[in-house]
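A.B. asks: The sequence isn't on hand, but the structure is:
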């Protein structure tokens, strides 16, 4: 099912009404903290699958940061303040932890951008509350991979999640996959702040269907 132009625009229109789009401008180098080897393999496999879908690249190391997609698991948000050097990567870490505790949040994502506005790094924080603990590892991994491959709106998936259950297995919704593919078309910009960008994505989605 194709997405309508307006639906695509809403995926990148933030709650304040601004249109903000960005994709990765460099190969993705993931690292996952706080999980066992089996879960680590699941997460890296999900990230690789979404990166392949986007026709983007992964690498063994990032020349600037070593790893540029960092995923942290914790049982309590206070654990984040105990991670060595994390406060250097995430400014104002202590106030952020305070806000996450106050909101009783179970996940949070931070993006960093290069001079051209493309994504240069992403930090994903997951607090394993009862809700997240009940989510199968492969579903959680695919969900996070999808939500970090692009800078989506902060309200993009409030009403309809990016994944759907198909024959008992969590799968990326085809219309979301189409948007990811179109957004990584080589002729498309790495960053956009004008809603006309959504029309260009829609044109590519419709052409591919």
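C.D. replies: That came through, no problem. The structure displayed is predicted, hence computed values, not measured ones. Numbering: from 1, shown residues only.
A.B. asks: so which strand or helix has the residue nearest the centre of the chain?
C.D. replies: Nearest to the mean C-alpha position of the chain, by CA atoms, centre = their mean, lies residue 148 at 1.4 Å. Assigned by DSSP states H and E, residue 148 falls within helix 137-149.
A.B. asks: what helices or strands is that helix leaning on?
C.D. replies: Using 3 or more CB pairs under 8 Å, 6 or more residues apart in numbering; DSSP states H and E, the elements in contact with helix 137-149 are helix 37-53, strand 107-113, strand 119-127, strand 163-166, strand 169-172, helix 174-183. In short, each C-beta sits where N, CA and C put it, glycine included.
A.B. asks: go with 10 Å
C.D. replies: Counting by 3 or more CB pairs under 10 Å, 6 or more residues apart in numbering; DSSP states H and E, the packing neighbours recorded for helix 137-149 are strand 30-33, helix 37-53, strand 69-74, strand 107-113, strand 119-127, strand 163-166, strand 169-172, helix 174-183.
A.B. asks: out of those, which comes closest to residue 139?
C.D. replies: Shortest distance between residue 139 and the helices and strands packed on helix 137-149, using CB to CB, is found for strand 169-172: 3.9 Å.
A.B. asks: For that closest one, which strands pair with it and how are they oriented?
C.D. replies: Sheet neighbours of strand 169-172, with direction, are listed as strand 163-166 (antiparallel) (DSSP bridges).
A.B. asks: which of the residues in the partner strand are buried?
C.D. replies: Neighbour counts over strand 163-166 (16 or more other CB atoms under 10 Å) mark residue 163 as buried.
A.B. asks: now swap in stretch 167-177 and tell me
C.D. replies: Those would be 170, 172-173, 175-177, for stretch 167-177 by 16+ other CB under 10 Å.
A.B. asks: Between which two of the residues you listed is the distance greatest?
C.D. replies: 170 and 175, at 15.6 Å, using CB to CB across those.
A.B. asks: ok, back up a step: will you turn the helices and strands packed on helix 137-149 into TSV that also has mean pLDDT and distance to residue 204?
C.D. replies: Below are those laid out as TSV (pLDDT from 0 to 100; distance: least, CB to CB, whole Å):
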stretch	mean pLDDT	distance to residue 204
strand 30-33	94	27
helix 37-53	94	14
strand 69-74	95	25
strand 107-113	95	23
strand 119-127	96	20
strand 163-166	90	22
strand 169-172	91	17
helix 174-183	96	4
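A.B. asks: With respect to residue 6, which of these lies nearest?
C.D. replies: helix 174-183 (13.1 Å).
A.B. asks: Could you tell me the angle between the closest one and helix 137-149?
C.D. replies: Counting by axes from the mean of the first three to the mean of the last three CA atoms, to 10 degrees, helix 174-183 lies at 40 degrees to helix 137-149.
A.B. asks: Packing partners of helix 174-183?
C.D. replies: helix 5-11, helix 37-53, helix 137-149, strand 163-166, strand 169-172, helix 196-208.
A.B. asks: what's the spacing between the nearest residue in space to residue 120 that is not next to it in sequence and residue 169?
C.D. replies: If the residues on either side of it in the chain are set aside, residue 120 comes closest to residue 114, at 4.4 Å by CB to CB, 6 or more residues apart in numbering. According to CB to CB, to the nearest Å, residue 114 and residue 169 sit 36 Å apart.
A.B. asks: This completes my enquiry, with thanks.
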